[in-house]
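*Asks:* sequence plus predicted model, see below.
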Amino acid sequence: MQGGAWGNEYRTTIVCVDEYQDSVLSGRLYHPYLPEGDSFHSLMEFFRKMEDLLDGMQFPQSFTAVRSFSDPPMRTGRPPGADVREGRCATFAVRVLFRQNASWQGSVSWLEGSREESFRSALELAFLMDSALMAKRSLPTDSGPTSQLKNK
């Protein structure tokens, strides 16, 4: 885009969580700015890839400059094999609206749970995603909408 604002489709990143063991998540990121998506294998890698994505688009612009002890490493992420936009454990739609106070502010929708919550920091986003994954783990396997139909 030449000097214009990014469209609404660029505000949302789909986060597909494929594995969640011992509070370590792994999965894939999908965004219109990423032609093939990108995989992650830890929470820190998820944060770094999201930050790289936001920096690459320069949207929303960062309130502060990123600081580190050394030069950032080259990206070594491999693109996901399948073009599926649904996680095996959970799927989230993350909307980062602001990057202030060296963190992210926005909203996250848990697509399987049909819930949306706002977050004030990347840490709060991680807690919200963790609570959804823990809630899904504690649900019985046949507690979805189709099981309700079977019971009627």
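*Replies:* Happy to help now that I have it. Values in this document were obtained by computation on a predicted structure and should not be read as measured data. Numbers count the residues shown, from 1 in each chain.
*Asks:* can you tell me the closest non-neighbouring residue to residue 102?
*Replies:* residue 64 (5.2 Å; Cβ to Cβ, 6 or more residues apart in numbering). Where C-beta positions appear, they are placed from N, C-alpha and C, glycine not excepted.
*Asks:* what number of residues lie near that neighbour?
*Replies:* Counted with other Cβ atoms under 10 Å, residues neighbouring residue 64 total 10.
*Asks:* what does residue 115 give?
*Replies:* 12.
*Asks:* name the spans of this structure whose pLDDT lies under the cut-off.
*Replies:* Along the chain, segments meeting pLDDT under 70 span 1-7, 67, 70-84, 139-152.
*Asks:* all helices for it, in order.
*Replies:* 43-57, 122-138, 145-151 (DSSP state H).
*Asks:* in this protein, which spans are strands?
*Replies:* Using DSSP state E, the strands of the chain run over 12-21, 24-31, 34-40, 90-98, 105-110, 115-119.
*Asks:* export those strands to TSV and tack on distance to residue 55?
*Replies:* TSV is the format used below for those (distance: least, Cβ to Cβ, whole Å):
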stretch	distance to residue 55
strand 12-21	13
strand 24-31	13
strand 34-40	13
strand 90-98	11
strand 105-110	16
strand 115-119	19
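*Asks:* among the ones you listed, which is nearest residue 129?
*Replies:* strand 90-98 (6.1 Å; Cβ to Cβ).
*Asks:* which residues touch that closest one?
*Replies:* Contacts with strand 90-98, where a contact means Cβ atoms under 8 Å, 6 or more residues apart in numbering, come from 11-17, 20, 50, 54, 60, 63, 85, 104-112, 125, 129, 132-133, 136.
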